[in-house]
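Q: Structural data only, the sequence is not supplied:
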Ligand SMILES: Nc1ncnc2c1ncn2[C@@H]1O[C@H](COP(=O)(O)OP(=O)(O)O)[C@@H](O)[C@H]1O
Ligand SMILES: [Mg+2]
């Protein structure tokens, strides 16, 4: 029997028992769809976090107050705790390190901003002239702080697009005076739209000169110092030099944590990458279940079609022909299920992206390839046993089965 | 030249502790073109003999020469090839594949033999016409009458132009008139030179054959060269 005929025979057999075929294709497609959707979710989460941190800027070294016990990056430390003060002077000292290009001391707080009777809760960010360059952010209008403005307490402010649109509407806010808490600031620039970053929405922020912000919150400590290394290769040197400088300035005590963006990214990448693999593994179990289902359904098919197998033998079909016919049928059903599942999975991932636009829920290529390959291989593997059983049937006994 | 030579055939089935001698010390020679009826009571070994002749089964002892070749020692695949090319089967229960149409059922042997699709279509069309099934080509077995089903089965058995047709109770599931019609079809095939072996326990049907072999308890008890189909038909008509 030619391969074409074998395939045609298998197709006729598959379509001849529509319910059985439907159930098997369904089981296989659910398995594949699960792998595609769940890995899309896992990898989407990973990419979301990685993008988030990448948007901080490049060649970044972040200094946070307090010593991390492990020395590595600890997400809890990154968010909470300020046991020893970081100051603007610390930042200025770091700027003088050879591997460091520029620094941006920042302080963060919340307050209320009012303009023309409209009031809004805002995130206050105290920053200096280099902040914009380090974060690689752009202005939509106006200008950012000059060096003099950022070192003093000049009452100037740069606002996010959302503040502009909500408090000023279509009129430009440039030159207007915004009231923040009980102080007044003249708006000199508006940030270009950029979205999330550093745990806050840059569109809803009011940036003040760091000294002004510190004065407003009545503190002289910093939330972070962002340090930009001169190059990618200089990141590690910038880190050590920063640590040395701060240690020297803090009476020989290493009371800060200096993390590199790469380390943060690598950690999240690893955590979420592992998560994706785990999820893929769980989904793969459903594929294995589908494989076992394929086997049982094919065994039932062999039992049901014993008479037919006997007939084929009487007509002179060698064992190999019968084995191939049943294998082709199993492969056909698995392949149909796999491709249907792939389409379903992609549709599911698309639905996820539509529902959660922030999440780049695309299934990774390796997961798609692995899911399809596993489906086809399990289908074939689990099809071998029933097919061999069919090929080995005794013709006389098979013919006597009705 | 004998088509079939069976010598000292033994076929023993073991059922638990007991042994059933389905065939015992059986010798049989069939010439090409013969028309033979194998008769005998139920359980006398008729089907077992037919399965052996058709290479569906192997004897426990004895030799089987088919077309002057010892076929008992052939591998399963080599035996399959002989069945494919030289032997056609007709069964009591038709054994049509239920999901396939009449035409597709008749095509099966051609497909198994790897014959070109174009030639297949041609030959199946001819066969359908020969057996009066032209307007039933696309019907599935459950849409056909018993007689039509057996005609499809005979068309399938002959599509490879075998040397021999083996029919085990071919009229067992048919009414008398339809059975006669099916027997006539088989006899026409025999008249064209195909060796025909029919198993039956119906004496009237058996009497139509030129040669009647009677079996009992796994052995031949009578082997009569009769007067031929025309005479036996007259005999059957006279008695009926
Ligand atoms: N597969 C088998 N297993 C055990 N006994 C069998 C088997 N096939 C046939 N027999 C026995 O062999 C004897 C002959 O059977 P069979 O050739 O079918 O008889 P017939 O066709 O003449 O009715 C019977 O006694 C039957 O029970
Ligand atoms: Mg019988």
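A: Nice, thanks for sending it over. These numbers come from a predicted model, not from an experiment. Residues are numbered from 1 along each chain as shown, chains lettered A, B, ... in the order given. Ligands and ions are numbered 1, 2, ... in the order given.
Q: Next one: residue B:89 from residue A:89, what distance?
A: With distances taken as Cβ to Cβ, to the nearest Å, residue B:89 is found 102 Å from residue A:89. (C-beta placed from N, C-alpha, C; glycine too.)
Q: So for these two, which sits in the more crowded spot?
A: residue B:89 (25 against 11; other Cβ atoms under 10 Å in any protein chain shown).
Q: who touches the more buried one in this structure?
A: Taking Cβ atoms under 8 Å, 6 or more residues apart in numbering or on different chains, we find residue B:89 in contact with A:314-315, B:54, B:95, B:157, B:165-168.
Q: What residues are bridge-paired with it?
A: Bridge pairing for residue B:89 (DSSP bridges) gives the partners residue B:166.
Q: For it, give its distance to ligand 1.
A: Distance, residue B:89 to ligand 1, by Cβ to the nearest ligand atom, to the nearest Å: 14 Å.
Q: what does the helix or strand hosting residue B:154 contact?
A: Counting by DSSP states H and E, the element that carries residue B:154 is helix B:146-158. For helix B:146-158, the external contacting residues (Cβ under 8 Å, 6+ apart) are A:315, B:88-91, B:94-96, B:102, B:105-106, B:108-109, B:127-128, B:130-133, B:136, B:139, B:141, B:144, B:165, B:170-171, B:173-175, B:178, B:181-182, B:185-186, B:189, B:194.
Q: Mind checking which of those residues land in helices?
A: Using DSSP state H, the subset of the contacts of helix B:146-158 located in helices is B:102, B:105-106, B:108-109, B:127-128, B:130, B:178, B:181-182, B:185-186, B:189.
Q: The helix or strand that residue B:204 is a member of and ligand 1, are they touching?
A: Using DSSP H and E, residue B:204 sits within helix B:203-206. No: figure legend: helix B:203-206 not in contact with ligand 1 (Cβ under 6 Å from any ligand atom); closest approach 12.9 Å.
Q: Tell me the buried residues in that helix?
A: B:204-206 (16 or more other Cβ atoms under 10 Å in any protein chain shown).
Q: quick one on the thing from earlier: mind listing what's buried in the helix holding residue B:154?
A: B:147-158.
Q: okay, these in TSV with distance to residue B:220 and pLDDT next?
A: Below are these laid out as TSV (distance: Cβ to Cβ, whole Å; pLDDT from 0 to 100):
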residue	distance to residue B:220	pLDDT
B:147	32	94
B:148	35	96
B:149	32	97
B:150	28	96
B:151	32	96
B:152	33	97
B:153	28	97
B:154	27	97
B:155	32	97
B:156	30	97
B:157	25	97
B:158	28	96
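Q: Go ahead and confirm residue A:167 touches residue A:179.
A: No: Residue A:167 is not in contact with residue A:179 according to Cβ atoms under 8 Å; the separation is 10.1 Å.
Q: okay, those two: which has more neighbours?
A: Taking neighbours as other Cβ under 10 Å, residue A:167 and residue A:179 compare with residue A:167 leading, 23 against 15.
Q: how about the nearest residue to residue A:359, chain neighbours excluded?
A: Sequence neighbours aside, residue A:44 is the residue nearest to residue A:359 in space, at 4.4 Å (criterion: Cβ to Cβ, 6 or more residues apart in numbering or on different chains).
Q: likewise residue B:112?
A: residue A:317 (5.1 Å).
Q: Around the one you found, count how many other residues there are.
A: 27.
Q: Assess the claim that it and residue B:77 are in contact.
A: No: if you go by Cβ under 8 Å, residue A:317 and residue B:77 don't touch, sitting 9.9 Å apart.
Q: quick one, longest strand in chain A?
A: In chain A, assigned by DSSP state E, the strand with the most residues is strand A:100-115.
Q: What strands line up against that strand, and which way round?
A: As assigned by DSSP bridges, strand A:100-115 forms pairs with strand A:118-127 (antiparallel), strand A:177-180 (antiparallel), strand A:224-229 (antiparallel).
Q: so what's residue 177 scoring on pLDDT?
A: Using chain A here. Predicted confidence (pLDDT) for residue A:177: 93.
Q: nope, chain B please
A: On pLDDT, residue B:177 comes in at 92.
Q: State the distance from it to ligand 1.
A: Residue B:177 is 25 Å from ligand 1, by Cβ to the nearest ligand atom.
Q: Report how many residues lie close to residue B:127.
A: Other residues close to residue B:127 by other Cβ under 10 Å number 23.
Q: In space, what's closest to it - neighbours in sequence excluded?
A: residue B:155 (4.4 Å).
Q: Find me the pLDDT at residue A:77, would you?
A: For residue A:77, pLDDT reads 47.
Q: can you put the contacts of residue B:89 in a markdown table and add distance to ligand 1?
A: Shown next, in a markdown table, are the contacts of residue B:89 (distance: Cβ to the nearest ligand atom, whole Å):
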| residue | distance to ligand 1 |
| --- | --- |
| A:314 | 16 |
| A:315 | 21 |
| B:54 | 13 |
| B:95 | 16 |
| B:157 | 19 |
| B:165 | 17 |
| B:166 | 13 |
| B:167 | 13 |
| B:168 | 7 |
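Q: Could I have the buried ones of these as PyMOL selection syntax?
A: Command for PyMOL, covering only those of the contacts of residue B:89 found buried under the criterion 16+ other Cβ under 10 Å:
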select buried, (chain A and resi 314+315) or (chain B and resi 54+95+157+165+166+167+168)
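Q: Looking at the contacts of residue B:89, which one is closest to residue A:366?
A: Using Cβ to Cβ, residue A:315 comes nearest to residue A:366 of the contacts of residue B:89, at 46.1 Å.
Q: Spatially nearest residue to the closest one, not counting backbone neighbours?
A: Residue A:315 sits nearest to residue B:109 (Cβ to Cβ, 6+ apart), 5.0 Å away.
Q: Share the number of residues neighbouring the one you found, please.
A: Residue B:109 has 25 nearby residues by other Cβ under 10 Å.
Q: Please tell me the pLDDT value assigned to it.
A: Reported pLDDT for residue B:109: 97.
Q: same check, this time on the one 3 residues further on
A: Looking at residue B:112, its pLDDT reads 96.
Q: show me what contacts it?
A: With Cβ under 8 Å, 6+ apart, residue B:112 has these contacts: A:1, A:312, A:315-317, A:321, B:84.
Q: can you check residue B:221 too?
A: B:40, B:214-215.
Q: Looking at these, which is nearest ligand 1?
A: Nearest to ligand 1, judged by Cβ to the nearest ligand atom, of these is residue B:40 at 5.9 Å.
Q: what's that closest one sitting at in phi/psi?
A: In terms of degrees, to the nearest 10, the main-chain angles of residue B:40 are phi 150, psi 160.
Q: circling back: separate out the buried members of the contacts of helix B:146-158.
A: If we count by 16+ other Cβ under 10 Å, the contacts of helix B:146-158 have these buried: A:315, B:88-91, B:94-96, B:102, B:105-106, B:108-109, B:127-128, B:130-131, B:133, B:136, B:139, B:141, B:144, B:165, B:170-171, B:174, B:178, B:181-182, B:185-186, B:189, B:194.
Q: re the thing from before, separation between the residue nearest to residue B:127 and residue B:88?
A: Taking Cβ to Cβ, one finds residue B:155 at 10 Å from residue B:88.
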